[in-house]
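Asker: coords please:
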Amino acid sequence: MKHFHYYDERTGVLHGDTLAINANAGHKEAAAANCPPGHKPIEGHFDPLSQRVDVATGQVIDYQPEQPSNDHEWDAQVKRWRLNPEMAAAAEARRTTLAKIRELEAGQARAVREAVLTGDPTRLAAIEAQIAELRRQLVAT
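Answerer: Okay, the predicted model is just below:
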């Protein structure tokens, strides 16, 4: 099997699509025939998120894409943009809070049943108060 990537002929940025074809006499022609407009094929396995083609030399070189936001920093070890520690911690706290809200909401069925059967909504109100506090925390962050 031969593997091909496609790169923008002006910038050298690798396209996300790849092609794997049998290594026969027409494999290069097949790669060219499937090439997106404005791109050229290049044989090999490459990482479009950290490599590109130097259009002057045709060589694959390291590449750092544009920073997605000011909340991201480049991790040179894995060659990827990652959320900075503060934003990663905030995102994890948000996920945890949303999970707790889902857990509380899922547990309301029994409290609703008890409120209907006994006429006492105390337990249901307590759950709602917890959910309301968690929602306030989400808004504050």
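Asker: show me the chain divided up by domain.
Answerer: Listed domain ranges for the chain are 2-62, 85-140 (source: automatic domain parsing).
Asker: for stretch 29-41, measure first residue to last.
Answerer: This stretch, stretch 29-41, spans 10 Å end to end (Cα to Cα, to the nearest Å).
Asker: the helices in the protein, which residues?
Answerer: With helices called from DSSP state H, the chain shows them at 27-33, 85-106, 108-118, 122-140.
Asker: kindly reformat these as CSV and extend each row with mean pLDDT and mean neighbour count.
Answerer: (Glycine included, C-beta is placed from N, CA and C.) Below are the helices of the chain laid out as CSV (pLDDT from 0 to 100; neighbours: other Cβ atoms under 10 Å):
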stretch, mean pLDDT, mean neighbour count
helix 27-33, 86, 14
helix 85-106, 95, 12
helix 108-118, 92, 12
helix 122-140, 92, 12
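Asker: of the ones you listed, which is nearest residue 66?
Answerer: Taking Cβ to Cβ, helix 85-106 is the member of the helices of the chain nearest to residue 66, at 17.5 Å.
Asker: which residues touch that closest one?
Answerer: With Cβ atoms under 8 Å, 6 or more residues apart in numbering as the contact definition, helix 85-106 has outside contacts at 71, 72, 82, 83, 127, 130, 131, 134, 135, 137, 138, 141.
Asker: for residue 72, give the beta-bridge partners.
Answerer: Here residue 72 sits in beta bridges with residue 83, going by DSSP bridges.
Asker: surely it meets residue 65?
Answerer: No. In this structure, residue 72 is not within contact of residue 65 by Cβ atoms under 8 Å, at 10.4 Å.
Asker: overlap in contacts of the two?
Answerer: Taking Cβ under 8 Å, 6+ apart as the contact rule, residue 72 and residue 65 both touch residue 81.
Asker: hmm, back to that, can you list the helices of the chain in TSV and add distance to residue 3?
Answerer: Shown next, in TSV, are those (distance: least, Cβ to Cβ, whole Å):
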stretch	distance to residue 3
helix 27-33	9
helix 85-106	34
helix 108-118	52
helix 122-140	45
